[in-house]
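> what would the 3D arrangement of this be:
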Amino acid sequence: MQPACIRHTDLPGTSRLFADFSYHFDRVAKFYRHDPNSAASLKRAVGEIDYPDERRAALVAALAAQNGPSEALQRLSEPGTVVVVTGQQVGLFTGPAYTIYKAVTAARLARQLTEIGTPAVPVFWLATEDHDFPEVDHAWVFNAAGESVQLRVEAPKETAGRPRPVGGIAVTNPPIENLRAALAGMPFADDVLAVAAEAYAPGVTMGAGFRALMRKIAGKLGLIFLDPLDPAIRRIAAPFLAKALQAAPELKSDLLERTRELTAAGYHAQVHVDAKTSLFFSLENGERVTLRRKDADYAELAGRAETISPNALLRPVMQDYLLPSVAFIGGPGELAYLAQSHVLYERLLGRMPVMLARGGFTLLDSRSARLLHRYGMTVAQAFVHQEALQERIARALVPEMVSKSVENAKSGIARHLDELNAELQAFDPTLASALEKSRAKVIHQIDKIARKTAREAMRRDQRATSDARHLANLLYPHRHLQERFYSILPFLAQHGMDLVERLYEAAEPGCPDHRVFTV
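Numbers count the residues shown, from 1 in each chain. Okay, the predicted model is just below:
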């Protein structure tokens, strides 16, 4: 695979905060503890970790029960071993492809740290506590014709309208047959279907299915999976949550001040915080319900901290209490809200891991690579809606001499009109004003001829319509980046189950750019 790079500032939808985090960190340094671009940051973060042996032993025991024995877990049991952590909501069929890219980035960084003398393991946090089922109940794939196909699971009727942690929701009828139909004709479809069907047996929970499929397609990365709904994990986290409950007024004050600081700096708060915001949920009777108290009253709940679940801003801090984390691998949105969580880290932990952006990838098949070359386009230029892409291709299909003649006519007429305007200004300014109105109509007609010429070229080459559809569906489906829309499964079906290992070898933790691979 030959990589190419695209700056995030050339991608649609990149926030100003993430752009500055990636390329001008000095502008956002006050919102984070470590500079992700400094080689000294990881060493400094390692030095700040004070992780008790008792907590390590309890954590390893809990993770052994979740994962079974492994070389990575044995390494984690040893004093001094640190963690590179990442995670994702437990979406159907592992959710968007960037889930795998997070895992790849974390595993590569853990390997690099180990090779330079800091033993490290990658841990994948399964966000099973989240209760927004519509965010995870579907996955998008593409079929052999390059068309987008949505796969979906239904929540059990008894859970309808109830805020249940999604990790424990059972999947009665996994859409394996729909997946089979979508992947039909792809060279490695049978391999993908075999692992998907084994992971998503009828009745499997969303959390268990996600973890099983991740193990099968990313097993060689050496990931340790952590499910925070495990009672053993909740017991380890209880002292942290008790402390957070007792500090609720200060935490809220800190977050409100951070929101003001972000706004004053020209950014926006990723997670809305106001005087009524709660940092806590209660896990009761299988539901996850927002806790509503006066800030000073949360301390009363410290005695039942094992039943408390943190909100999005507090969750990463609990994560790094549980783990000896040296680095966190996140996406643009996560790194943005960690600018808010920073104040919680400082008050509750007195440290914060190095925050690093996950690897971002766009995967090209050979046909797409040929089409981009044929039409003289870059990948970034294809990140537009399909109609605009078709117009661009149409312009590329117009014979060069025709395009040149139209452009020459337009520039020539404009020049002559400028000359006439100068003469009329001297003779009668009112005539010059009338000419300006006519000028716009003349130029409009020439532009109209140019568009008609492009459409005629498109009509003559019907294949171009198909080419535009193929590029749009693969590179910018439904106006989303590929990695944010499609599951990894169709790429594995198209390019082989070893694709994850190839991405792992090609990944470069610390590279600030989005990368393009022709597979």
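> make it CA atoms for all contacts and neighbour counts henceforth
Fine.
> and the gap between the residue nearest to Phe142 when sequence neighbours are not counted and Ser487?
In this structure, Phe142 finds its nearest non-sequential neighbour in Ser148, 4.4 Å apart by CA to CA, 6 or more residues apart in numbering. According to CA to CA, to the nearest Å, Ser148 stands 11 Å off from Ser487.
> try Leu349
36 Å.
> neighbour-wise, which of the two wins?
Comparing Leu349 with Ser487 by other CA atoms under 10 Å, the one with more neighbours is Ser487, at 25 against 16.
> so what's the more buried one up against?
Counting by CA atoms under 8 Å, 6 or more residues apart in numbering, Ser487 makes contact with Phe93, Thr94, Gly95, Pro96, Ala97, Ala139, Trp140, Val141.
> top of those residues by number of neighbours, please.
That'd be Phe93 among the contacts of Ser487, by other CA under 10 Å, with 31 neighbours.
> my guess is it contacts Ala197. True?
No. Contact criterion CA atoms under 8 Å: Phe93 and Ala197 do not qualify, at 10.3 Å.
> what's the overlap in contacts for the two?
Residues touching both Phe93 and Ala197 by CA under 8 Å, 6+ apart: none at all.
> show me the helices in the stretch 1-150 of the chain, by range?
Secondary structure of the stretch 1-150 of the chain by DSSP state H, counting those that start in this stretch: the helices cover 16-23, 39-48, 53-67, 71-76, 98-115.
> could you do the stretch 151-300 of the chain as well?
All helices of the stretch 151-300 of the chain, identified by DSSP H, counting those that start in this stretch, fall at 176-183, 189-199, 206-218, 231-246, 248-264.
> what packs against the fourth one?
The contact analysis (3 or more CA pairs under 8 Å, 6 or more residues apart in numbering; DSSP states H and E) places helix 231-246 against helix 53-67, helix 315-322.
> quick check: longest helix of this protein.
Longest helix in the chain by number of residues, with DSSP state H as the criterion: helix 429-460.
> just checking, next helix/strand downstream of it?
helix 463-475 (DSSP states H and E).
> any idea how far that next one is from the chain center?
24 Å (CA atoms, centre = their mean, to the nearest Å).
> quick check: angle from it to helix 429-460?
Helix 463-475 runs at 90 degrees relative to helix 429-460, counting by axes from the mean of the first three to the mean of the last three CA atoms, to 10 degrees.
> tell me the domain ranges of this protein?
With domains defined by automatic domain parsing, the chain comprises 1-374+489-519, 384-475.
> could you point out where the stretch 1-150 of the chain is predicted with low confidence?
For the stretch 1-150 of the chain, the stretches flagged by pLDDT under 70 are 1-3.
> what distance separates the start and the end of stretch 21-40?
Using CA to CA, the end-to-end distance of stretch 21-40 comes to 17 Å.
> contacts for that stretch?
Stretch 21-40 has contacts (CA under 8 Å, 6+ apart) with 17, 20, 41, 45, 338-340, 342, 351-356, 510, 512.
> list just the nearest of those residues to Pro324.
Of all the contacts of stretch 21-40, Pro324 sits closest to Pro353, with 9.1 Å by CA to CA.
> touching, that closest one and Ala45? I think so.
Yes. Pro353 is within contact range of Ala45, at 5.9 Å (criterion: CA under 8 Å).
> those two - which one has more neighbours?
Using other CA under 10 Å, the more surrounded residue of Pro353 and Ala45 is Pro353, with 28 against 18.
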